[in-house]
Structure formats: structure tokens, C-alpha cells
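Undergrad: 3D, please:
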Amino acid sequence: MRRGGQIDIIPSWTPQTAQIEIEWEDSGISGPHPTDKWFGTMAFIGGAISQEGVWEWDPAAKTLRLWVLVPGGEGHRHLIATLQQFTLPLTSGMTGTGTMAPTLGLPVLGELTLSWRGHVHGT
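TA: Have a look, this model is predicted:
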């Protein structure tokens with residue numbers, strides 16, 4: 001079954017919160033490194049030309065990596081953020097910490113840390 005939810009991404013260095021929409025197929029999250037799509041304006045931080053990105057989940061490490069495809073890069077992608085304490089399927093109320101990729105060139109001194117909060121559609 002196809003499911004979806006929202007993840008609020010709350011950077012430590014700004015009062016703004018970004019939201020991304022994440023999708024997954026129940027039957028597709030049992031492998032060692034499942035992948036699927038995410039959507040949100042946060043993709044533009046990585047130089048994407050659309051709001052679509054790709055997530056990759058590492059169930060053993062409980063990390064979700066958010067990638068965007070590099071325009072004209074033919075399969076190349078750029079890491080945007082890594083969310084820790086992440087499990088699938090997403091449930092409402094899940095929280096964790098994470099980091100933005102240091103290669104984004106954001107004008108911030110120090111670590112690019114964040115917290116995140118999950119919400120499942122329809123709950």
C-alpha cells in the first residue's frame with residue numbers, strides 16, 4: 001500500500017521550519033536500503049530545478065538521507081540532509097535530530113544541526 005506523511009525540519013540556526021512530503025510503499029521498505037520520493041522547496045537548497053528529491057533509508061543505522069538530483073548530472077545526486085532516529089513506516093509524533101549537509105554553502109557558522117517531527121496523513 002502506498003502511504004505518505006509530512007516531516008517538519010527545524011534548523012537550529014533559524015526560526016523557520018521546512019516541511020517535506022515523503023512517500024513510501026509498504027512492501028518496499030523491507031530491504032537493506034529502501035528508496036522513494038520526497039517533495040518540498042527544501043530541494044532548491046541543493047541546486048535542484050524541481051521540488052522532487054529521493055530519500056534513502058538505512059534501517060540498521062536508523063538514518064534517512066535526503067538527496068536531490070543534480071541538473072544535467074545524469075544520475076548524480078547531492079545530499080541535502082540526514083535525519084537520525086528515523087524508522088519506517090513513519091508515525092505521527094516521531095521526532096529526532098539530524099544535520100544539513102556541510103557542502104550546501106549555507107552562511108552559517110558551526111554545525112548545521114536540526115530536529116525533525118513526523119506526521120502521517122490521515123492521523
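Undergrad: which residues does the spatially most central residue of the chain bridge with?
TA: With distances taken as CA atoms, centre = their mean, the residue of the chain nearest its centroid is residue 66 (3.8 Å). Residues found in beta-bridge contact with residue 66 (criterion: DSSP bridges) are residue 55, residue 81.
Undergrad: my guess is it contacts residue 55, does it?
TA: Yes: A contact is recorded between residue 66 and residue 55 when judged using CB atoms under 8 Å, the distance being 5.6 Å. Any C-beta I mention is one placed from the backbone N, CA and C, and that applies to glycine too.
Undergrad: so what sits against both of those two?
TA: residue 38 (CB atoms under 8 Å, 6 or more residues apart in numbering).
Undergrad: coming back round to it: got a list of what the residue nearest to the centre of the chain touches?
TA: Residue 66 neighbours (CB under 8 Å, 6+ apart): 20, 38, 42, 53, 55, 79, 80, 81, 82, 83.
Undergrad: in those residues, which two residues are the furthest apart from each other?
TA: When CB to CB is used, the two most widely separated members of the contacts of residue 66 are 20 and 79, lying 14.3 Å apart.
Undergrad: Just want to know which of these two has more residues nearby.
TA: Ranked by neighbour count (other CB atoms under 10 Å), residue 20 and residue 79 place residue 20 first, with 22 against 17.
Undergrad: send the alpha carbons of the longest strand seen in the chain over as CSV?
TA: Using DSSP state E to assign secondary structure, the strand with the most residues in the chain is strand 2-11. Output of strand 2-11 as CSV, limited to C-alpha atoms (Å, rounded to 0.1, in the frame of the first residue of the first chain):
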residue,chain,number,x,y,z
ARG,A,2,1.2,3.5,-0.9
ARG,A,3,1.5,5.8,2.1
GLY,A,4,2.7,9.3,2.8
GLY,A,5,3.4,11.8,5.5
GLN,A,6,5.0,15.1,6.3
ILE,A,7,8.3,15.8,8.1
ASP,A,8,8.9,19.1,9.7
ILE,A,9,12.5,20.0,9.6
ILE,A,10,13.5,22.6,12.2
PRO,A,11,17.1,24.0,11.7
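Undergrad: how about the helix or strand hosting residue 68 as PDB, C-alpha atoms only?
TA: Under the assignment given by DSSP states H and E, the secondary-structure element containing residue 68 is strand 63-69. As requested, the backbone C-alpha atoms of strand 63-69 are provided in PDB (Å, rounded to 0.1, in the frame of the first residue of the first chain):
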ATOM      1  CA  THR A  63      19.000   7.200   9.300                       C
ATOM      2  CA  LEU A  64      17.100   8.800   6.400                       C
ATOM      3  CA  ARG A  65      19.200  10.600   3.800                       C
ATOM      4  CA  LEU A  66      17.500  13.300   1.700                       C
ATOM      5  CA  TRP A  67      19.000  13.700  -1.800                       C
ATOM      6  CA  VAL A  68      18.200  15.800  -4.900                       C
ATOM      7  CA  LEU A  69      19.200  15.000  -8.400                       C
END
